[in-house]
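In: Sequence unavailable; structure follows:
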């Protein structure tokens, strides 16, 4: 399971870095208007915040292997929390980095449950 934990960590860090750099502007499209009202902030802050959380979770999976149960659960919860943004993007048909067709946006929706399962597998499986 160590390999799955490290791969998940790499995915999270790469996604987080993209939220803070080259994809930052494009990812604002994914943020629904209701999220800015609920969180009392703007779309850019949500993109930056989610990117920072991804980096921290990914780094934690590597740096704190004994906390993999808590961190894996936190990653799963994070993936659930950002799912409404993915639905919003698919419903509105707006393009974001790497998600520039309806098919890609829809496939992204189907991948989200797999990411949740992956995070839970990391959390619940013994280290080997």
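Out: Nice, thanks for sending it over. The structure displayed is predicted, hence computed values, not measured ones.
In: which residue is nearest the middle of this protein?
Out: In the chain, the residue lying closest to the centroid (Cα atoms, centre = their mean) is residue 79, at 5.2 Å.
In: in the longest helix seen in the chain, what counts as buried?
Out: The residue-count maximum for a helix in the chain (DSSP state H) belongs to helix 68-92. The neighbour-count check on helix 68-92 (16 or more other Cβ atoms under 10 Å) flags 68, 71-72, 74-76, 78-79, 82, 85-90 as buried. For every residue, glycine as well, the C-beta is placed using N, CA and C.
In: ok now that helix, how far from the chain's centre?
Out: 6 Å (Cα atoms, centre = their mean, to the nearest Å).
In: helices or strands next to it in the packing?
Out: On a contact count with 3 or more Cβ pairs under 8 Å, 6 or more residues apart in numbering; DSSP states H and E, helix 68-92 meets helix 2-20, helix 43-63, helix 102-124.
In: Identify the residues contacting that helix?
Out: 5, 8, 12, 29-32, 35, 50, 53-54, 57, 60-61, 64, 96, 99, 102, 105-106, 108-109, 112, 115-116, 119-124, 127 (Cβ atoms under 8 Å, 6 or more residues apart in numbering).
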